[in-house]
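**Q** quick one, structure for this:
(one chain, ligands or ions: 1)
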Amino acid sequence: MKKTVQVVGAVIENEHGEILCALRSNAMSLPNLWEFPGGKIEDGEKPEETLCREIHEELGCDIEVAQMVEDTTYDYGNIIVNLRTYLAKIVRGEPDAAEHAALVWIPRVSLKSLIWAPADIPAVEILSAERTETA
Ligand SMILES: Nc1nc2c([nH]c(=O)n2[C@@H]2O[C@H](COP(=O)(O)OP(=O)(O)OP(=O)(O)O)[C@@H](O)[C@H]2O)c(=O)[nH]1
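**A** The predicted structure follows:
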C-alpha cells in the first residue's frame, strides 16, 4: 500500500494582508512549485508543534498558529500527501529562505498567479476567495 505522509503548511499573513509563499528549490521534491512553508509531522508531535519547529528551522522566525484553513489529501502517484494548512502570524524574527529558492509576500487575490504544488490548490482557492482579516 502507498504511504500517506502527514504534512502541515503555514499560511503566514502579515499586517498588510499578504501571505508568505515559498518556492521549492531544485534540491527538493516538487521543484519550482510554490508551497506554504512547513513539513512532515514527526511521531508524537501535534500539528501546531510541527509548524513552529519547521518554520523555525526553514525560515529562522517564530510563529503563532491559529485556525486550520484546509485539510486535503492528494495522491502524487509515488506518495500520498495529507496536507493541513493553518493560519499563522510571525511573532519573532524575519523570514529568511534557508532551504527555499525564494520567499514572496503576495496579496490573497493574487495567490492564483503562482504555480502551486497540487496539494495546495484547495487552500489557495479558499484563501483567494476570502477577504483578508486586516481588510
Ligand atoms: N512543506 C510543504 N510540503 C508540501 C506542501 N504541499 C505539498 O504537496 N507538500 C509535500 O509534502 C511533503 C513533505 O514536505 P517536506 O517539506 O517535509 O518535504 P521534504 O522536502 O523535507 O522531503 P522530500 O523532498 O524528501 O519529500 C513533500 O513531498 C512536499 O512535496 C506544502 O504546502 N508545504
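
**Q** please report how far the residue nearest to Leu127 when sequence neighbours are not counted lies from Pro122.
**A** Spatial nearest neighbour of Leu127, excluding adjacent residues (CB to CB, 6 or more residues apart in numbering): Arg108 at 5.2 Å. Using the backbone N, CA and C atoms, a C-beta is placed for each residue, glycine as well. Applying CB to CB, to the nearest Å, the value for Arg108 to Pro122 is 15 Å.

**Q** neighbour count: the two, which is higher?
**A** More crowded of Arg108 and Pro122, by other CB atoms under 10 Å: Arg108, with 21 against 17.

**Q** settle this for me: that one is touching Glu125, isn't it.
**A** No. Using CB atoms under 8 Å, Arg108 is not in contact with Glu125, being 11.0 Å away.

**Q** could you list the low-pLDDT ranges of this structure?
**A** 131-135 (pLDDT under 70).

**Q** what are the phi and psi values for the residue nearest to Leu127?
**A** The phi and psi values for Arg108, taken as degrees, to the nearest 10, are phi -50, psi -40.

**Q** what of Thr50?
**A** phi -60, psi -50.

**Q** quick one, what contacts the spatially closest residue to it that is not a sequence neighbour?
**A** Nearest-residue entry for Thr50: Ile41, 4.6 Å, with adjacent residues in sequence omitted and distances by CB to CB, 6+ apart. Neighbouring residues of Ile41 by CB atoms under 8 Å, 6 or more residues apart in numbering: Gln6, Val7, Val8, Pro47, Thr50.

**Q** got a winner among these for most neighbours?
**A** When neighbours are counted by other CB under 10 Å, Val8 leads these with 27 neighbours.

**Q** which strand or helix spans that residue?
**A** strand 4-12 (DSSP states H and E).

**Q** any idea which residue is closest to the centre of the protein?
**A** Nearest to the mean C-alpha position of the chain, by CA atoms, centre = their mean, lies Phe36 at 1.8 Å.

**Q** report the contact partners of it.
**A** Gly9, Ala10, Val11, Ile12, Leu20, Cys21, Ala22, Thr85, Asp120, Ala123.
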